[in-house]
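> Sharing a model that was predicted from the sequence below.
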Amino acid sequence: MAQTKILITGANGQIGRVLTEELRKIYGTESILATDITKLPITVEPFEFLDILNAQRLKEIVHDHNVTQIYHLAAILSANGEWNPIKTWNINLNGLLSILEIAREREMDKIFFPSTIAVFGNTTPRINTPQDVPLLPTTVYGMSKCTGELWCNYYHQRYGVDVRSLRYPGIIGWQSLPAGGTTDYAVEIFHAALKSGHYECFLAENTRLPMMYMNDAIKATIDLMNASKESIAIRSSYNLAAMSFTPAEIASEIRKHIPNFTITYKPDFRQGIASSWSESIDDSKARQDWNWKPSYDLASMTADMLLHLKETI
Ligand code: AKB
């Protein structure tokens, strides 16, 4: 069996940065090839520039580095996607198709594809959203991820590609910043609380959304990828949950640590996106199939975020 060599696309993104570091701890730095369209000053080698729309370059990199697994994180998120729908569709869907094709051609070991709660829409039950529900997303990001889930399922059924996927909720971490999502407020609020003691939120105070601490998101990803093939019953994408809260609730939790913290609300177009998503998610299939269980709730996440951010800001 070939030695494990993992390629990560979008390695400089919010999740990519943390996942790259964690996978390097497990497999060794040399076994994890980070790729992205831009390079950060802090980027650790091995690294290759990669525009995910350049399928030929992707092939060369996979070939040159003998890549056996791909974590395909490169994507444009929900809010940014609405500024340029066609570009978002191209990057999010055509990028995935290149990855699935190369996995099929080279009979690669495993592929990871992040999906999202953005696949849900106004026709989806919003409370405790079950695994199998009508998907009628309202954003191009949600459409591309929903279609991506179908392609993953297709490549698994038709060609036996071992592709695994999670529907991430909003991810909150101190290590990196999100860019262009609707759930970004839940990271921005911590930075603002520590820097100025005030945050103006772009969502309304009672907008409840599913969220997850970065540590849990990384653990879920690695657990899913390490689970036995036989245990993975869902090849589109697994529902995944940890906690749900509103801007008012997270503000009140932050106030337990920073009593003078204040928040005001000025909802913009992202409110419409958030209102079309679920409030809470039923992730019992993930719990049943590969023993998923989150460790962080709102209180423990808030305490840990502030502890780490105080050191870094
Ligand atoms: C976004 O807000 O677009 C993302 C997501 C929920 O997928 N964080």
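That came in fine, so what should we check first?
> Which residues are in contact with the residue in the stretch 51-200 of the chain positioned nearest to the ligand?
Nearest to the ligand, among the residues of the stretch 51-200 of the chain, is G181, at 2.8 Å (Cβ to the nearest ligand atom). C-beta coordinates here come from the backbone N, C-alpha and C atoms, glycine included. Taking Cβ atoms under 8 Å, 6 or more residues apart in numbering, we find G181 in contact with 77-80, 170.
> Not counting stretch 26-41 itself, show me its contacts.
3-13, 16, 20, 23-24, 43-44, 46-52, 61, 65, 67, 74, 222.
> Let me see the contact set for K310.
Going by Cβ under 8 Å, 6+ apart, K310 touches L194.
> let me fix that: L7
Applying Cβ under 8 Å, 6+ apart to L7 gives the contacts 33, 35, 61-62, 65, 67, 69-71.
> picking up where we left off before, which among the contacts of stretch 26-41 end up buried?
The neighbour-count criterion (16 or more other Cβ atoms under 10 Å) marks 4-13, 16, 20, 23-24, 46-48, 50, 52, 61, 65, 67, 74, 222 among those as buried.
> mind listing which of those residues are in strands?
Under the assignment DSSP state E, the buried ones among the contacts of stretch 26-41 contribute 6-9, 47-48 to strands.
> hang on, the earlier thing: out of the contacts of L7, which are inside helices?
When DSSP state H defines the helices, the subset of the contacts of L7 inside them is 61-62.
> how about JSON lines for the contacts of L7, with pLDDT added?
JSON lines is the format used below for the contacts of L7 (pLDDT from 0 to 100):
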{"residue": "L33", "pLDDT": "98"}
{"residue": "T35", "pLDDT": "98"}
{"residue": "I61", "pLDDT": "98"}
{"residue": "V62", "pLDDT": "98"}
{"residue": "H65", "pLDDT": "97"}
{"residue": "V67", "pLDDT": "98"}
{"residue": "Q69", "pLDDT": "98"}
{"residue": "I70", "pLDDT": "98"}
{"residue": "Y71", "pLDDT": "98"}
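> closest to T147 among the contacts of L7?
Taking Cβ to Cβ as the measure, I70 is the one of the contacts of L7 closest to T147, at 18.6 Å.
> Spit out the contact partners of Q14.
Contacts of Q14 (Cβ under 8 Å, 6+ apart): 171, 173, 176-179.
> who does I6 bridge with?
Beta-bridge pairing for I6 (DSSP bridges): I32, Q69.
> Isn't it up against T20?
No. With contacts counted by Cβ atoms under 8 Å, I6 stays clear of T20, the gap being 9.1 Å.
> Write out the residues of the stretch 151-300 of the chain neighbouring the ligand.
Residues of the stretch 151-300 of the chain lying near the ligand by Cβ under 6 Å from any ligand atom: 168, 170, 181-183.
> Rebuild these as a markdown table, extending it with secondary structure.
Converted to a markdown table, these look like this (DSSP: H, G, I helix; E, B strand; the rest coil):
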| residue | secondary structure |
| --- | --- |
| Y168 | strand |
| G170 | strand |
| G181 | coil |
| T182 | coil |
| T183 | coil |
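> For the residues you listed, pick the one with the most neighbours.
Within these, neighbour counts (other Cβ atoms under 10 Å) peak at T182, which reaches 30 neighbours.
> distance between the helix or strand encompassing M305 and the chain's centre?
Using DSSP states H and E, M305 maps to helix 298-312. Distance of helix 298-312 from its chain centroid, counting by Cα atoms, centre = their mean, to the nearest Å, is 20 Å.
> Over to stretch 62-78?
With Cα atoms, centre = their mean, you get 14 Å for stretch 62-78.
> Which ones among the contacts of L7 also lie next to the ligand?
Answer for the contacts of L7 near the ligand: none qualify (Cβ under 6 Å from any ligand atom).
> isn't P210 right next to D283, touching?
No. P210 is not in contact with D283 according to Cβ under 8 Å; the separation is 9.3 Å.
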